[in-house]
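A.B. asks: With the sequence up front, the predicted model follows.
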Amino acid sequence: MKFSSQPVVEKNILELVWNNTNEAIFTIGYDGRILSANPSFTTILGWEQTDFSEDSCFPFFADMPPEEHQKQLTQFKQGHDIPYYVTKRKRKDGVVLDILASYRAINNGEVLAVGMYKDFSEQMNIQRRLQASEDCYRNLVEFIPDAIFVESNGIIVFVNSPGIGLVGAKSAHDVLGQSVWQFIRTDDPSAFKTKVQQLISTKEPIVEQLLRFDGEIIWVEIIAMSIVFEGESVIQILLRDITSKKDYEAQLEFLAFHDPLTGLTNRRYFAEQINQAVEYAEKAGHMLAVMYIDIDKFKRINDSLGHEVGDQLLKQFANRLKENVREEEVLCRIGGDEFLVLLKGLEERNTALEIVSRLHKAFQVPYLLDNQKIVVTSSIGIAVFPENGKDSKTLIMSADEALYLAKAKRNDYQFY
């Protein structure tokens, strides 16, 4: 058996980047102190890990008051990154440097955030000599990997290379003269316009969907602020692609409420839904039903044909559940071969009978497992609200007792 060495390779690559990059990289703890710093941190600023004591957490701060530092820590704890901006940091020998700084919120383990500094003194000296001319601005923002757009009177007058790539344009000519906001997807243009005005005044980032030239939809984080460009007051808009982050968050949210094997909801989600359904049914005078289902002799399948075949059976069983109930029903895999079904909004008991009869019939069809047809039956217990229970716990217990009676015969269903 071969084991993948990918994690080891990734670790080695991270160590190479940490030790050999030209940028100063450091990790920040929840108390604001530096936990670790790479070699370039010492190369650029002269400070070493031993220089950071409890009394002097950030001796390289040139002009940042403690309250501003605490405000940054609060942003990190809320999951907000701080994008690229130019600030001043003091070298150990007392020389003050212009630094291009950025921070990314981590909130993982003891690490609150990761900071990155690039010595920007030379570029800033050029900027000062050119008195913030357009050429200097272009050179400055081309160093930034995020998309930068500059709007004057509602139209784009400047875009950097990452901005061209973000919207999927072939060149700046495809973008200039348009508005950044026309790329943003929104169902309420008026409300979004108000949000943009607030964005510029507060400088707090917002997250929206962006439609690229090629039709792809991505998630972007947007920051906007007023600046002076070519002697005019304009709006600088920074966009960062966070699609991967949003996809990861959606995946985590799905896994929090769903069974990863069958895709059905899990016990946690079912508990929330049945409690809400019971409360609504009680107020509206409706009926509802809970079905407790398990697969007959499932252990024998696992033991004789293996767990992979058992997983195939569970997936096919879940699909039959989905195909034979109404769209509004809640389907749950409790674990193993046990399932719950919540039938909502029943006008009469016969509706539950029709659904359980249809399911019972569907479960008679042989399953194709490991390229062979296998007959596997199921047993179902049903409890009806309000006659078999007026709360979720009692309903599930009643359905379980009905299942016990059905299991005595197997391939059967029983009402409580």
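C.D. replies: Arrived safely.

A.B. asks: where's Thr243 relative to Asn108, distance?
C.D. replies: With distances taken as Cβ to Cβ, to the nearest Å, Thr243 is found 20 Å from Asn108. All C-beta atoms are positioned from the backbone trio N, CA, C, and that covers glycine.

A.B. asks: Same drill for those two, tell me which one is more crowded.
C.D. replies: Legend: neighbour count by other Cβ atoms under 10 Å for Thr243 and Asn108, higher for Thr243 (14 against 9).

A.B. asks: and Val186, what does it touch?
C.D. replies: You called it Val, but residue 186 is Thr. Under the criterion of Cβ atoms under 8 Å, 6 or more residues apart in numbering, the contact list for Thr186 reads Phe192, Glu208.

A.B. asks: and if you look at the one 3 residues further on?
C.D. replies: Not one residue lies near Pro189 by Cβ under 8 Å, 6+ apart.

A.B. asks: Can you tell me the element the residue nearest to the spatial centre of the chain falls in?
C.D. replies: Ranked by distance to the mean C-alpha position of the chain (Cα atoms, centre = their mean), the top residue is Glu249 at 1.4 Å. Taking DSSP states H and E as the criterion, Glu249 maps to helix 243-257.

A.B. asks: and the angle from the very next helix or strand once past that helix to helix 243-257?
C.D. replies: As assigned by DSSP H and E, the chain's next helix or strand after helix 243-257 is helix 267-284. Here helix 267-284 runs at an angle of 70 degrees relative to helix 243-257 (axes from the mean of the first three to the mean of the last three Cα atoms, to 10 degrees).

A.B. asks: ok, then the element right after helix 267-284?
C.D. replies: strand 287-295.

A.B. asks: Show me what that next one is packed against.
C.D. replies: Helices and strands touching strand 287-295, as assessed by 3 or more Cβ pairs under 8 Å, 6 or more residues apart in numbering; DSSP states H and E, comprise helix 267-284, helix 307-323, strand 338-346, helix 349-362, strand 378-385, helix 392-409.

A.B. asks: Can you tell me which of the ones you listed is packed in deepest?
C.D. replies: When neighbours are counted by mean count of other Cβ atoms under 10 Å, the highest per-stretch mean among those falls to strand 378-385, a mean of 25.

A.B. asks: Can you list the helices and strands that that strand packs against?
C.D. replies: strand 287-295, helix 349-362, helix 392-409, strand 413-415.

A.B. asks: Quick check: which of these is nearest to Glu122?
C.D. replies: Nearest to Glu122 among these is helix 392-409 (67.0 Å), distances taken as Cβ to Cβ.

A.B. asks: Let me know the average pLDDT across that closest one.
C.D. replies: Helix 392-409 carries an average pLDDT of 90.

A.B. asks: tell me what it is packed against?
C.D. replies: In terms of contacts (3+ Cβ pairs under 8 Å, 6+ apart), helix 392-409 is packed against helix 267-284, strand 287-295, strand 378-385, strand 413-415.

A.B. asks: and those as a markdown table, adding distance to Ala399?
C.D. replies: A markdown table is the format used below for the helices and strands packed on helix 392-409 (distance: least, Cβ to Cβ, whole Å):
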| stretch | distance to Ala399 |
| --- | --- |
| helix 267-284 | 11 |
| strand 287-295 | 4 |
| strand 378-385 | 4 |
| strand 413-415 | 9 |
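
A.B. asks: before we move on, the earlier item: could I get the helices and strands packed on strand 287-295 as JSON lines with distance to Phe60?
C.D. replies: Putting those into JSON lines (distance: least, Cβ to Cβ, whole Å) gives the following:
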{"stretch": "helix 267-284", "distance to Phe60": "47"}
{"stretch": "helix 307-323", "distance to Phe60": "55"}
{"stretch": "strand 338-346", "distance to Phe60": "58"}
{"stretch": "helix 349-362", "distance to Phe60": "68"}
{"stretch": "strand 378-385", "distance to Phe60": "65"}
{"stretch": "helix 392-409", "distance to Phe60": "58"}
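
A.B. asks: neighbouring contacts of stretch 14-33?
C.D. replies: With contact meaning Cβ under 8 Å, 6+ apart, stretch 14-33 is reached by 34-41, 43-45, 52, 54, 57-58, 69-70, 73, 76-77, 103, 106, 110-118.

A.B. asks: repeat that for 6 Å
C.D. replies: 34-41, 44, 57, 73, 110-118 (Cβ atoms under 6 Å, 6 or more residues apart in numbering).

A.B. asks: Same check on stretch 288-305?
C.D. replies: Counting contacts by Cβ under 6 Å, 6+ apart, the residues outside stretch 288-305 that touch it are 277, 281, 310, 313, 337-339, 341-344, 346, 352, 377-385, 395-396, 399-400, 403, 410.

A.B. asks: Then stretch 382-399?
C.D. replies: Residues lying outside stretch 382-399 but in contact with it, judged by Cβ under 6 Å, 6+ apart, are 274-275, 278, 281, 288-292, 356, 381, 402, 415-416.

A.B. asks: what would the residues you listed look like in CSV with distance to Val330?
C.D. replies: Rendered in CSV, the data for the contacts of stretch 382-399 read as follows (distance: Cβ to Cβ, whole Å):
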residue, distance to Val330
Ile274, 7
Asn275, 11
Val278, 12
Ala281, 13
Leu288, 10
Ala289, 11
Val290, 10
Met291, 11
Tyr292, 13
Val356, 15
Gly381, 17
Ala402, 18
Phe415, 19
Tyr416, 19
